[in-house]
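Peer 1: Following is a predicted model, sequence given first.
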Amino acid sequence: MVVVLKKNTDEARISELTEWLRSIGLEVSRNDGEFETVLCLIGDTSHVDMDIISSLDFVEHVTRITEPFKSVGRKLHPNDTVVEVNGYKIGGGNFQFIAGPCSVESAEQICSIAKDVKNAGAAMLRGGAFKPRTSPYSFQGMRAEGLELLKEAKKQTGMPIVSEIMDLSHIDLFRDVDVIQVGARNMQNFELLKELGHTDKPILLKRGLANTMQELLMSAEYIMAGGNGRIILCERGIRTFEPYTRNTMDISAIALLKEKTHLPVIADPSHAAGISKLVKPLSLAAVAAGADGLMTEVHNNPSHALCDGPQAISPSEFAGIVKKAEEIRKVLNTR
Ligand code: PEP
Ligand code: MN
């Protein structure tokens, strides 16, 4: 971290700041230039609050040189993390498909979709029970009952289940959920992240609608700081000025996140596109960019889905994506 001080700053104030920085364990190297004095901070600056230093009236500006995400960053942990869910591995060259409806709607619906996506090649079943809807008048999910139906689908198929948590107070209800999803809208719900850091459940952390890659990594850092390193990141599209799609799939995030972090990175083309016919090309693009998995919304009756019908694909369309994705993965593995 580099701290640039304003010209003619009082020596006493520079010493005071230097002493304080040393007292928190940093080495401080000072350079006096013609126009400004620069303090270079050496050591673990991840715990230093840049804003406190920036707010000092004699500080011109502060620049962070090293990345603030120490635990999830690749620098100190160069090897890929492999997250294992009931025997299914994600990351470190292991790829998995997670598929299922946006929302659990009935026992018949979730069990039938579970069987279809399993036959098509999905390892895990997704299904929202608590739904974050923009309108309070839209279907809000089956809540606790939805989680029970997911468990029934797991009993029938053996598939691990993935479902979104929206509130800390529901955490006990997720005891039998295999992967807890933190949705885009809760990516920066720090109290929730801290609590999930104290569990031993795999966490699927989705990127927020308008969050940077670094913010996503800092949210993962919250979970890991609590002691839970079983984190899967998910790129699900970000909000841009383009209205033709629901979001803009940030393909570069898949490739770049994998460089910055050792955590597995998967893609959700359904929420990125918002349009069912784009799910296949976006899935294949994500695989080609190096994603460790795909999470796709699949419905047995897309036009009657209670949530996100326009982006839902049929089980046979999903099967087509699995086939093509595997072909792409073969090509990538032979390079
Ligand atoms: C979902 O996966 O059902 C969902 C609500 O996704 P997101 O948080 O990415 O909008
Ligand atoms: Mn959805």
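Peer 2: Everything's here; your move. Numbering: from 1, shown residues only. Ligands and ions are numbered 1, 2, ... in the order given.
Peer 1: Looks to me like Glu297 is in a helix.
Peer 2: No: counting by DSSP: H, G, I helix; E, B strand; the rest coil, Glu297 is not found in a helix; it is strand.
Peer 1: I'd guessed it sits against Pro310; true?
Peer 2: No: with contact defined as Cβ atoms under 8 Å, Glu297 does not reach Pro310; the gap is 10.2 Å. (Each C-beta comes from the backbone N, C-alpha and C, glycine too.)
Peer 1: which parts of the stretch 51-200 of the chain sit against ligand 1?
Peer 2: Proximity of the stretch 51-200 of the chain to ligand 1, by Cβ under 6 Å from any ligand atom, involves residues 102, 128, 132, 164, 183-185.
Peer 1: And the stretch 201-335 of the chain, by the same measure?
Peer 2: 206, 236, 268, 271.
Peer 1: the helices in the stretch 51-200 of the chain, which residues?
Peer 2: Applying DSSP state H, counting those that start in this stretch to the stretch 51-200 of the chain gives helices spanning 107-120, 143-157, 190-197.
Peer 1: Relative to the helix or strand that comes right after the shortest one, what are the paired strands and their orientations?
Peer 2: Pointing back at helix 190-197 there. As assigned by DSSP states H and E, the chain's next helix or strand after helix 190-197 is strand 203-206. Strand 203-206 sits in its sheet next to strand 179-182 (parallel), strand 231-235 (parallel), going by DSSP bridges.
Peer 1: Tell me which of the ones you listed sits most buried.
Peer 2: strand 231-235 (a mean of 27; mean count of other Cβ atoms under 10 Å).
Peer 1: Report the inter-axis angle for that strand versus helix 190-197.
Peer 2: For strand 231-235 against helix 190-197, the angle by axes from the mean of the first three to the mean of the last three Cα atoms, to 10 degrees is 140 degrees.
Peer 1: CA-only coordinates of whatever helix or strand Ala12 lives in, as CSV, when you get a sec.
Peer 2: According to DSSP H and E, Ala12 maps onto helix 11-23. This file holds the C-alpha atoms of helix 11-23, laid out as CSV (Å, rounded to 0.1, in the frame of the first residue of the first chain):
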residue,chain,number,x,y,z
GLU,A,11,6.9,16.4,10.4
ALA,A,12,5.1,15.6,13.7
ARG,A,13,2.0,14.4,11.9
ILE,A,14,4.1,12.2,9.5
SER,A,15,5.9,10.7,12.6
GLU,A,16,2.5,10.1,14.3
LEU,A,17,1.1,8.2,11.3
THR,A,18,4.4,6.3,10.8
GLU,A,19,4.4,5.2,14.4
TRP,A,20,0.8,4.1,14.3
LEU,A,21,1.4,2.1,11.1
ARG,A,22,4.4,0.4,12.7
SER,A,23,2.3,-0.4,15.8
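Peer 1: who does the next helix or strand after that helix touch, helix- and strand-wise?
Peer 2: Of the helices and strands lying after helix 11-23 in sequence (DSSP H and E), the nearest is strand 27-32. Contacts defined by 3 or more Cβ pairs under 8 Å, 6 or more residues apart in numbering; DSSP states H and E place strand 27-32 against helix 11-23, strand 37-42.
Peer 1: hmm, 6 Å instead?
Peer 2: If you count contacts as 3 or more Cβ pairs under 6 Å, 6 or more residues apart in numbering; DSSP states H and E, strand 27-32 packs onto strand 37-42.
Peer 1: between Glu297 and Pro310, who's got more neighbours?
Peer 2: Glu297 (28 against 14; other Cβ atoms under 10 Å).
Peer 1: which residues touch that one?
Peer 2: For Glu297, the contact set (Cβ atoms under 6 Å, 6 or more residues apart in numbering) comprises 102, 270, 308, 311-312.
Peer 1: number of nearby residues for Cys102?
Peer 2: Burial measure for Cys102: 23 neighbouring residues, criterion other Cβ under 10 Å.
Peer 1: tell me the contacts of it?
Peer 2: Shown in contact with Cys102 (Cβ under 6 Å, 6+ apart): 128, 297, 307-308.
Peer 1: And the residue of the stretch 201-335 of the chain closest to ligand 1?
Peer 2: Nearest to ligand 1, among the residues of the stretch 201-335 of the chain, is Arg236, at 3.9 Å (Cβ to the nearest ligand atom).
Peer 1: ok, the residue nearest to Leu192 when sequence neighbours are not counted to Leu193 distance?
Peer 2: By the measure of Cβ to Cβ, 6 or more residues apart in numbering, the closest residue to Leu192 outside its immediate chain neighbours is Leu168, 5.4 Å from it. Applying Cβ to Cβ, to the nearest Å, the value for Leu168 to Leu193 is 10 Å.
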